[in-house]
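A.B. asks: Compute the structure for the input listed below.
(chains A and B)
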Amino acid sequence: MTTVATVSEGTGNPYALSHLDSLESEAVHIFREVAGEFERPVILFSGGKDSIVMLHLALKAFAPAPVPFALLHVDTGHNFPEVLEYRDRTVARHGLRLHVASVQEYIDAGKLRERRDGTRNPLQTVPLTEAIQQHRFDAVFGGGRRDEEKARAKERVFSLRDEFSQWDPRRQRPELWQLYNGRHAPGEHVRVFPISNWTELDVWQYIDREGIELPEIYFAHEREVFNRSGMWLTAGDWGGPKEDERVETRQVRYRTVGDMSCTGAVDSDATTLDAVIDEIAASRLTERGATRADDKMSEAAMEDRKREGYF
Amino acid sequence: MTTLTQHAEQLSTTTLLRFATAGSVDDGKSTLVGRLLHDSKSVLTDQLEAVERASRSRGQEAPDLALLTDGLRAEREQGITIDVAYRYFATPRRRFILADTPGHVQYTRNMVTGASTAELAVVLVDARNGVVEQTRRHAAVAALLRVPHVVLAVNKMDLVDYAEPVFAAIAEEFTAYAASLGVPGWGSGGDPQENWCTAIPISALAGDNVVEPSANMDWYGGPTVLEHLETVPVSHDLTACHARFPVQYVIRPQTAEHPDYRGYAGQIAAGAFRVGETVTVLPSGRTSTVTAIDALGESVDIAWAPQSVTIRLADDIDISRGDLIAPADDAPAVTQDVEATVCHVADRPLTVGQRVLLKHTTRTVKAIVKDIPSRLTLDDLSQHPAPGRLVANDIGRVVVRTAEPLALDAYADSRRTGSFLLIDPSDGTTLSAGMAGASFAAVTDPAADDADAADDAEWDF
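C.D. replies: Next comes the predicted model:
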């Protein structure tokens, strides 16, 4: 037996936890609170780094027992094939249950209309909220972080949503100590954000420390891309490039993984985790500022989507 | 750029400090927060560009740093801060989580929210105005919530010619007020780092003593705000803490690989637990021995707050969520009669006779408000007897009777196991934030206070 090897040195106190240990401990506490208090929780899983870290935390929280939650993926129909492959492999490896809510099926059934700009991220809200109602999920874990966006900075760890999944920032419950209040009426549910207090760099450092595997698109690779509104988008059947847009092959990687229609790649030669961490530590752009088109639509784009039920 | 070894080194030495800011509308809180974020290079280009764009579109000449922190449409439209927001920044020495609490009408509940998880509170004062009502209110809330450290940031020193006597007088007045709250001695020691309050003269606008030491105040020999935030201690002396472990969840895999595994999962709320230790489980009072501690995948022989771990015991006794594991020789008493100070955070009132739910650690029980003996006015710490009800932002003493026994500590001994929520059972609204046990000492008679200052360790009002 050993004592915990992560005692922080150089702080003068042997019982100070490192910042990653503090964040991990807090997130695990949140997962276990939900397991203890809710009937039907689910983890939103996109195959992106934040949801991968969440799943890793859940696996640690309940070990050696299996994770007591299913996964829910809102598939926009424009997802990166490497990410879907990663998703399915991960689900199989841990013996998890996966629900998929498909934006494409909603479009095919005439229940949603394609937007003129081809962006499907805002279309995720309806399949997401309907899946929550249909499966009667009462707690929905999301990988949202407060450092991502200023509307997210106002989000609680336990965020109560009404039967329409709406977020009302003026009616949030004060969140005191570590006493999370998850009480809700039938039909309502709670969105839970265990990694609220993590930054992008924390996520990467944790992935590094824990040796967590990621989809390859997070590392530099050659890819056919074209430039739209200053972002490098992947060329493909989803709707790009248009006639006046020119495809070129560049060495790029992704900082976020979302819908292909609105997630931009960044020029990079970072092929390893360490190189990625160095690149992020030196970057002068936020993750969303660099690579997300949907947040640039207006100053309150994220707030407006969250109000409608987006996570 | 850092190298791999530097990463590893940095990871093992970086700790996390949670702190809160308190300040009223015009004392420069947004500027201070903006300055901390900006000068620690935590504002990235696209965020700054967005602020510049928004400021221009409103006809402002200089970028308005308050726009960095006002995240909601209504806040930007009205130019006010509605709610607590959380900000993140880092230096090579430490990571920071800042609970940015607005100073508007709903100040008390907002500050209570921010202060409940804070290790340090920054109280801002305008050097021209000195200690005002609002300052006393902020100090009282920080003391009430037992925030371990306070920074008195005397701001706008540039507007008083950076004069030392101005700063010294304010610092002295604040220290005297803190003494009247009964806080000196609490956390104090020979090391100035351990003092409850540290006063720093600053100009958030000009940047004096925020991140960079001031060239205008060479009479000041102390740390800058950031330097102090980087070095203030974040962990506590475990030998002085009563060890407490609220059981969150029972882990029983019942698989071929782990047929008999039965572990009690939770986050250590205070103190430390060791393998081999004799423990008592409350409220049942049964005792057993710790046979193993699993710290998220690693087997350890000691673990301490706030680690999330799984504890295994020698005996297969009935333990479930809501129970508390404590050392057999240092277990709290269980009670159904809770006397506490509460801050009322809901818009609907709390009244005598009201049926509520009480959430304490991992246990939620039915309860009834038996009495509200007094309401406190934070401005002068005077008490009003028997108010009958508490409304939003009120702080008062309550007596609550619970349907089941609770293993409750005094909040003064443990912020984690001495705190609770009162919840409206009809719709789940969080009504009040509770702190069990005695509160702090209000000085009503200065002469009497001098007489027994030596044993004035009691916190009561």
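A.B. asks: Give the burial count for the residue in the stretch 1-150 of chain A that chain B sits nearest to, as a bare number.
C.D. replies: Closest residue of the stretch 1-150 of chain A to chain B, Cβ to the nearest Cβ: A:Lys150 (3.3 Å). In this view, the C-beta of every residue, glycine as well, is placed from N, C-alpha and C. Using other Cβ atoms under 10 Å in any protein chain shown, A:Lys150 has 24 neighbouring residues.
A.B. asks: Tell me the residues of the stretch 101-250 of chain A that contact chain B?
C.D. replies: A:146-147, A:149-154, A:160, A:169-170, A:172-179, A:181, A:183-185, A:196-197, A:199, A:201-202, A:205, A:208-209 (Cβ under 8 Å from any Cβ of the partner chain).
A.B. asks: are any of those buried, and which?
C.D. replies: Among those, those buried by neighbour count (16 or more other Cβ atoms under 10 Å in any protein chain shown) are A:146-147, A:149-154, A:160, A:169, A:172-179, A:181, A:183-184, A:196-197, A:199, A:201-202, A:205, A:208-209.
A.B. asks: out of those residues, which are inside strands?
C.D. replies: Judged by DSSP state E, the subset of these located in strands is A:Leu160.
A.B. asks: Inside helices: which ones of the buried ones among the residues of the stretch 101-250 of chain A next to chain B?
C.D. replies: Among those, the ones falling in helices (DSSP state H) are A:201-202, A:205, A:208-209.
A.B. asks: Relative to B:Val400, which of those is nearest.
C.D. replies: Distance to B:Val400 across these (Cβ to Cβ) is lowest for A:Asp202, with 38.9 Å.
A.B. asks: ok, and the helix or strand in chain A with the lowest average confidence?
C.D. replies: helix A:287-291 (a mean of 63; mean pLDDT, DSSP states H and E).
A.B. asks: Tell me if the particular helix or strand that has B:His38 in it is near chain A.
C.D. replies: With secondary structure defined by DSSP states H and E, B:His38 is part of helix B:29-39. No: if you take Cβ under 8 Å from any Cβ as the test, helix B:29-39 misses chain A, and the best it gets is 11.3 Å.
A.B. asks: Quick one: name whatever helix or strand follows that helix.
C.D. replies: Per DSSP H and E, the helix or strand that comes after helix B:29-39 is helix B:45-57.
A.B. asks: Could you find the closest non-adjacent residue to B:Ser42?
C.D. replies: Residue nearest to B:Ser42 in three dimensions, not counting chain neighbours: B:Phe89, with 3.6 Å by Cβ to Cβ, 6 or more residues apart in numbering or on different chains.
A.B. asks: ok, B:Ile311 touching B:Gly266?
C.D. replies: Yes: if you go by Cβ atoms under 8 Å, B:Ile311 and B:Gly266 touch, sitting 7.5 Å apart.
A.B. asks: any idea of the angle the lengthiest helix in chain A forms with helix A:200-210?
C.D. replies: Counting residues, the longest helix found in chain A (DSSP H) is helix A:19-37. Taking axes from the mean of the first three to the mean of the last three Cα atoms, to 10 degrees, helix A:19-37 and helix A:200-210 form an angle of 90 degrees between their directions.
A.B. asks: packing partners for helix A:19-37?
C.D. replies: If contacts are counted by 3 or more Cβ pairs under 8 Å, 6 or more residues apart in numbering or on different chains; DSSP states H and E, helix A:19-37 sits against helix A:49-62, strand A:139-141, helix A:200-210, strand B:15-22, strand B:249-251, strand B:263-267, strand B:308-313.
A.B. asks: Same list (these) but as JSON lines, adding mean pLDDT and distance to A:Val28.
C.D. replies: As requested, the helices and strands packed on helix A:19-37 are exported to JSON lines (pLDDT from 0 to 100; distance: least, Cβ to Cβ, whole Å):
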{"stretch": "helix A:49-62", "mean pLDDT": "97", "distance to A:Val28": "4"}
{"stretch": "strand A:139-141", "mean pLDDT": "97", "distance to A:Val28": "13"}
{"stretch": "helix A:200-210", "mean pLDDT": "93", "distance to A:Val28": "12"}
{"stretch": "strand B:15-22", "mean pLDDT": "92", "distance to A:Val28": "15"}
{"stretch": "strand B:249-251", "mean pLDDT": "97", "distance to A:Val28": "10"}
{"stretch": "strand B:263-267", "mean pLDDT": "98", "distance to A:Val28": "7"}
{"stretch": "strand B:308-313", "mean pLDDT": "98", "distance to A:Val28": "4"}
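A.B. asks: Let's have the ones you listed in CSV, adding distance to A:Leu128.
C.D. replies: Shown next, in CSV, are those (distance: least, Cβ to Cβ, whole Å):
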stretch, distance to A:Leu128
helix A:49-62, 13
strand A:139-141, 8
helix A:200-210, 22
strand B:15-22, 31
strand B:249-251, 27
strand B:263-267, 29
strand B:308-313, 29
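A.B. asks: hey, which of those is tucked in deepest?
C.D. replies: Most buried of these by mean neighbour count (mean count of other Cβ atoms under 10 Å in any protein chain shown) is strand A:139-141; its value is a mean of 27.
A.B. asks: So what are the sheet partners of that strand and their directions?
C.D. replies: Sheet pairing of strand A:139-141 (DSSP bridges) gives strand A:41-44 (parallel), strand A:189-192 (parallel).
A.B. asks: Out of the ones you listed, flag the one nearest A:Ala92.
C.D. replies: strand A:41-44 (16.0 Å).
A.B. asks: what does the average pLDDT come to for the closest one?
C.D. replies: Mean pLDDT, strand A:41-44: 97.
A.B. asks: what does the helix ranked longest in chain B contact?
C.D. replies: For chain B, the helix that runs over the most residues, judged by DSSP H, is helix B:164-180. Under the contact criterion Cβ atoms under 8 Å, 6 or more residues apart in numbering or on different chains, helix B:164-180 has outside partners B:123, B:125, B:127, B:130-131, B:135-136, B:139, B:143, B:150, B:152, B:154, B:157, B:160, B:184, B:196-197, B:199, B:201, B:217, B:219-220, B:381, B:441-443, B:449.
A.B. asks: Make a ChimeraX selection of whichever of those turn out to be buried.
C.D. replies: Buried members of these, defined by 16+ other Cβ under 10 Å, are picked up in ChimeraX with:
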select /B:123,125,127,131,135,136,139,143,150,152,154,157,160,184,196,197,199,201,217,220,381,441,442,443,449
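A.B. asks: and of the helices and strands packed on helix A:19-37, who's closest to A:Val34?
C.D. replies: For A:Val34, the closest of these is strand A:139-141, at 4.9 Å, according to Cβ to Cβ.
A.B. asks: Quick one: residues in contact with the closest one.
C.D. replies: By Cβ under 8 Å, 6+ apart, strand A:139-141 touches A:31, A:34, A:38, A:40-44, A:54, A:58, A:69, A:72, A:132, A:182, A:189-194, A:311.
A.B. asks: hmm, 6 Å instead?
C.D. replies: For strand A:139-141, the surrounding residues in contact (Cβ atoms under 6 Å, 6 or more residues apart in numbering or on different chains) are A:34, A:38, A:41-43, A:190-192.
A.B. asks: just checking, what packs against the helix or strand hosting B:Ile200?
C.D. replies: Assigned by DSSP H and E, B:Ile200 belongs to strand B:197-201. The contact analysis (3 or more Cβ pairs under 6 Å, 6 or more residues apart in numbering or on different chains; DSSP states H and E) places strand B:197-201 against strand B:149-155, helix B:164-180.
A.B. asks: Ends of stretch B:413-420, what's the gap?
C.D. replies: End-to-end distance for stretch B:413-420, by Cα to Cα, to the nearest Å: 14 Å.
A.B. asks: angle of the longest helix of chain A against strand B:15-22?
C.D. replies: 70 degrees.
A.B. asks: Show me what the residue nearest to B:Ser42 is bridged to.
C.D. replies: Using DSSP bridges, the bridge partners assigned to B:Phe89 are B:Phe96.
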